[in-house]
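Undergrad: Whatever this is, show me its structure:
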Amino acid sequence: MDKMLWVAMSGAKQNLMAVSVQANNLANVKTVGFKADLVQARSMQAFGEGLPTRVFSMAERPSQNMSGGTMITTGRDLDIAIQGDGWMAVEDKNGQEAYTRSGNLQITPEGLLTTSTGQPVIGEGGPILLPIPVDKIEIGLDGAIVVRPQGAPANFLEEVDRIKLIKPDNDFELDKGNDGLFRPKELDAFAQCGFCEASPDVRIIKGALESSNVNAVTAMVDMVSLQRQFEMQNKMMKQAEKIDQQSDMLMRVF
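TA: Below you'll find the model as predicted:
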């Protein structure tokens with residue numbers, strides 16, 4: 001009886017965790033450059049004093065769906081979408097390098113080029129700072145940023161920096177943090193030559209954004225399936241309670 005209750009309880013708990021992951025995916029259907037989280041379940045033995053006698057299920061987020069989202073044409077000068085498997089380097093809140101595909105860029109009053117969530121975009125020498133005010137700004141296919149300062153002749157264009165675009169090596173895997181930015185899973189991956197250096201092979205699409213790769217229909221179906229599993233686990237716990245009550249009544253008879 002104890003084993004039945006344990007399995008049902010642990011299964012219901014992990015179902016709730018999986019539902020939260022799917023709910024987060026659904027909440028980010030419209031988020032630019034968002035990569036859907038994947039969920040998988042597996043059985044685990046509970047270890048303690050003596051031999052393991054309990055097996056419980058565990059839901060985990062092993063990775064993300066790295067497929068590209070749909071390209072949306074906006075025509076905005078500061079909107080960019082990365083082609084292929086490339087990534088754009090940004091600076092996280094701790095001052096460390098991280099990667100994203102969210103290309104709806106903004107310019108702060110101080111001239112700092114940032115993402116829509118405020119992470120500074122990294123260039124060849126660090127965060128990109130533009131000489132404001134400017135009359136025109138263009139981002140090339142290779143990430144080069146060209147501006148025309150305010151009051152300059154119409155034919156005067158100056159390259160001020162180049163967005164750092166990287167293409168991860170297949171030997172490394174990127175992991176998404178709680179801030180939505182991607183980093184290598186291995187802590188020493190930043191020390192590996194070539195991974196974090198700018199790649200000349202990465203190209204961008206100007207005036208476009210990459211939408212989220214979350215499939216709303218698939219995510220909804222998964223949510224319904226997880227909720228049904230949760231209901232089944234609750235029924236198992238209620239059944240275990242009934243069996244326990246019947247056993248207690250039987251013991252009183254004898």
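
Undergrad: If you average pLDDT per helix and strand, which one of this structure comes out bottom?
TA: Ranked by mean pLDDT, DSSP states H and E, the weakest helix or strand in the chain is strand 54-60, scoring a mean of 68.

Undergrad: Helix or strand next in line after it, which one?
TA: Once strand 54-60 ends, the next helix or strand along the chain (criterion: DSSP states H and E) is strand 71-73.

Undergrad: which secondary structure elements does that following strand contact?
TA: strand 208-210 (3 or more C-beta pairs under 8 Å, 6 or more residues apart in numbering; DSSP states H and E). C-beta: built from backbone N, CA, C; applies to glycine.

Undergrad: Unless I'm misreading it, P120 sits right up against L112, doesn't it?
TA: Yes - here P120 reaches L112: they are 5.7 Å apart, a contact under C-beta atoms under 8 Å.

Undergrad: Does D161 touch G123 like I think?
TA: Yes - with contact defined as C-beta under 8 Å, D161 counts as touching G123 (3.8 Å).

Undergrad: Please identify every residue contacting each of the two.
TA: Residues touching both D161 and G123 by C-beta atoms under 8 Å, 6 or more residues apart in numbering: I145.

Undergrad: Only the buried residues of the one helix or strand S43 maps to, if you could.
TA: In this structure, S43 sits in strand 40-46 according to DSSP H and E. With burial defined by 16 or more other C-beta atoms under 10 Å, the residues of strand 40-46 counted as buried are A41.

Undergrad: what lines up beside it in the sheet?
TA: With DSSP bridges as the test, strand 40-46 is paired with strand 54-60 (antiparallel).

Undergrad: returning to what we had before: P120 and L112 - which one has more neighbours?
TA: P120 (19 against 16; other C-beta atoms under 10 Å).

Undergrad: which non-adjacent residue is nearest the more buried one?
TA: P127 (3.8 Å; C-beta to C-beta, 6 or more residues apart in numbering).

Undergrad: Same question for K136.
TA: R148 (4.2 Å).

Undergrad: tell me which strands and helices the longest helix seen in the chain is in contact with?
TA: What stands out as the longest helix in the chain, according to DSSP state H, is helix 216-253. Other elements packing on helix 216-253 under the criterion 3+ C-beta pairs under 8 Å, 6+ apart are helix 2-27.
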